[in-house]
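>>> Pasting the sequence and the predicted model now:
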Amino acid sequence: MKLSFRWYGEDDSISLENIRQIPNMHSIVTAVYDVPVGEVWSNESILRLKKLTEDAGLNFEVIESIPVHEDIKLGRPSRDKYIENYCENIRRVAKAGIKCICYNFMPVFDWTRTQLDKVNEDGSTCLVYYQDQVDKVDPTKSESDLTLPGWDASYTREELASLVNEYRELGEEKLWDNLKYFLEKVIPVCKECDVNMAIHPDDPCWPIFGLPRIITNEENMDRFLKLVDDSHNGLTLCLGSFGCSANNDMVKMAAKYSKMGRVHFLHFRNILLVDNGFEESGHLSKFGSLDMYEIVKALVENGFDGYVRPDHGRQIWGEKAKPGYGLYDRALGAAYFNGLWEAAVKEKK
Ligand SMILES: [Mn+2]
């Protein structure tokens with residue numbers, strides 16, 4: 001297990017020095033943010049991130065994410081050019097020492113929440129998702145001025161509507177085909193460079209706005225892993241994203257996929273299921289719906305040796321930071337993970 005921490009580059013309000021001081025911290029999780037989705041990352045930008053990371057005493061081994069261009073997901077004729085760029089990015093980051101690349105295959109919306117600052121009883125704030133609020137939004141209707149936090153503001157309303165309609169027509173089976181096409185080109189490059197691809201589940205893990213969503217549950221993960229049956233084709237086990245459906249048994253999935261050697265990256269986060277959706281609770285088992293100790297035990301027992309990062313924290317102690325990505329609560333999450341891991345390793349012996 002290698003503990004890691006997401007860092008949004010030089011614009012991040014959190015310093016590498018602070019991250020370095022979190023006990024047991026090994027690696028930075030970052031990305032090049034200065035080029036549009038689909039373009040090739042410059043070697044200068046990659047090497048600058050590497051140098052900053054290593055100068056701070058941390059390792060540069062995980063990318064989150066190299067985003068997948070919509071043309072690839074939609075299977076448009078221009079996809080080959082974007083897949084070629086994607087392969088070139090894999091080669092470039094691998095040359096700089098990267099071992100693991102997180103990405104997702106979600107149409108249009110990267111993640112969806114209805115509020116980013118719900119006030120908890122103790123005065124902390126967290127991100128929440130309430131289905132009835134999402135159901136009121138139709139991104140294809142221009143008269144609707146409702147928008148949700150996390151939406152890509154670079155689309156006009158008309159562009160968004162036409163993109164959403166295109167995906168509705170595409171449907172799930174074609175999306176599977178397009179994912180397979182992508183993996184068949186990309187995984188051989190990963191083998192060559194010895195880099196692991198780690199797909200991130202859809203968040204939340206069910207269809208929204210009539211868009212097809214496929215990285216959602218155990219059955220679909222089994223199908224995904226067989227699309228290209230190679231160890232480099234693996235998962236980001238995001239506990240909060242899979243865990244927001246009560247149908248996903250996270251202890252079982254952690255055991256099964258780590259035993260297969262296909263969990264390359266773990267996003268460590270608890271989640272509280274409520275009648276109408278979910279709330280991002282504190283990391284401890286008692287505050288959410290997941291049994292965090294049983295999950296960590298399953299990973300230890302099945303030889304998990306990938307990267308792990310504390311995922312979204314609450315906003316605490318008056319910190320002003322990107323929602324979910326403050327220093328304090330994520331550092332507490334890392335400390336809690338260290339404790340669970342040590343206990344599980346000792347119990348195994
Ligand atoms: Mn995640």
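Received it, and whenever you're ready, just let me know what you need.
>>> What is the least confident helix or strand in this protein?
Taking mean pLDDT, DSSP states H and E as the measure, the helix or strand of the chain with the lowest value is helix 131-135, at a mean of 88.
>>> Output the below-cut-off pLDDT ranges for this protein.
142-147, 150-152 (pLDDT under 70).
>>> how about the strands in it?
With strands called from DSSP state E, the chain shows them at 2-6, 25-30, 59-64, 100-104, 115-119, 125-130, 196-200, 233-238, 263-268, 272-274, 277-279, 307-310.
>>> JSON lines for the ones you listed, including distance to the ion?
(C-beta placed from N, C-alpha, C; glycine too.) As requested, these are arranged in JSON lines below (distance: least, Cβ to the ion, whole Å):
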{"stretch": "strand 2-6", "distance to the ion": "9"}
{"stretch": "strand 25-30", "distance to the ion": "11"}
{"stretch": "strand 59-64", "distance to the ion": "9"}
{"stretch": "strand 100-104", "distance to the ion": "8"}
{"stretch": "strand 115-119", "distance to the ion": "16"}
{"stretch": "strand 125-130", "distance to the ion": "12"}
{"stretch": "strand 196-200", "distance to the ion": "6"}
{"stretch": "strand 233-238", "distance to the ion": "3"}
{"stretch": "strand 263-268", "distance to the ion": "4"}
{"stretch": "strand 272-274", "distance to the ion": "16"}
{"stretch": "strand 277-279", "distance to the ion": "13"}
{"stretch": "strand 307-310", "distance to the ion": "9"}
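>>> Can I get those strands in a markdown table including distance to N165 and mean neighbour count?
Formatted as a markdown table, the strands of the chain follow (distance: least, Cβ to Cβ, whole Å; neighbours: other Cβ atoms under 10 Å):
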| stretch | distance to N165 | mean neighbour count |
| --- | --- | --- |
| strand 2-6 | 33 | 23 |
| strand 25-30 | 34 | 22 |
| strand 59-64 | 29 | 23 |
| strand 100-104 | 21 | 23 |
| strand 115-119 | 27 | 15 |
| strand 125-130 | 24 | 21 |
| strand 196-200 | 25 | 25 |
| strand 233-238 | 28 | 26 |
| strand 263-268 | 31 | 26 |
| strand 272-274 | 31 | 16 |
| strand 277-279 | 26 | 21 |
| strand 307-310 | 35 | 26 |
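>>> Let me have those strands in JSON lines, extended by distance to L74.
Output for these, formatted as JSON lines (distance: least, Cβ to Cβ, whole Å):
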{"stretch": "strand 2-6", "distance to L74": "28"}
{"stretch": "strand 25-30", "distance to L74": "28"}
{"stretch": "strand 59-64", "distance to L74": "23"}
{"stretch": "strand 100-104", "distance to L74": "15"}
{"stretch": "strand 115-119", "distance to L74": "29"}
{"stretch": "strand 125-130", "distance to L74": "26"}
{"stretch": "strand 196-200", "distance to L74": "17"}
{"stretch": "strand 233-238", "distance to L74": "21"}
{"stretch": "strand 263-268", "distance to L74": "26"}
{"stretch": "strand 272-274", "distance to L74": "32"}
{"stretch": "strand 277-279", "distance to L74": "28"}
{"stretch": "strand 307-310", "distance to L74": "30"}
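>>> Spell out which residues of the stretch 201-349 of the chain are next to the ion.
By Cβ under 5 Å from the ion, the part of the stretch 201-349 of the chain that sits against the ion consists of C238, H267, D311.
>>> Next, work out how far apart the second one and L290 are.
According to Cβ to Cβ, to the nearest Å, H267 stands 12 Å off from L290.
>>> shared neighbours, those two?
Counting by Cβ atoms under 8 Å, 6 or more residues apart in numbering, the residues touching both H267 and L290 are L239.
>>> what sits up against the least confident helix or strand of the chain?
By Cβ under 8 Å, 6+ apart, the residues outside helix 131-135 that reach it are T112, T114, L148, I208, F209, N276, G277.
>>> Counting neighbours, what do you get for the spatially closest residue to the second one that is not a sequence neighbour?
Excluding the flanking residues, the one nearest T114 by Cβ to Cβ, 6 or more residues apart in numbering is Q133, at 4.3 Å. Counted with other Cβ atoms under 10 Å, the burial measure for Q133 works out to 16 neighbours.
>>> What ranges does the stretch 151-300 of the chain have for its helices?
157-193, 218-227, 239-243, 250-259, 292-301 (DSSP state H, counting those that start in this stretch).
>>> Please identify the deepest-packed of these.
Of all the helices of the stretch 151-300 of the chain, helix 239-243 has the most neighbours on average by mean count of other Cβ atoms under 10 Å, namely a mean of 26.
>>> who touches the most centrally placed residue in the chain in this structure?
In the chain, the C-alpha nearest the mean C-alpha coordinate belongs to H200, at 4.6 Å (Cα atoms, centre = their mean). Contacts of H200 were listed using Cβ under 8 Å, 6+ apart, and they are S65, C102, Y103, N104, I215, T236, C238, S241, H267.
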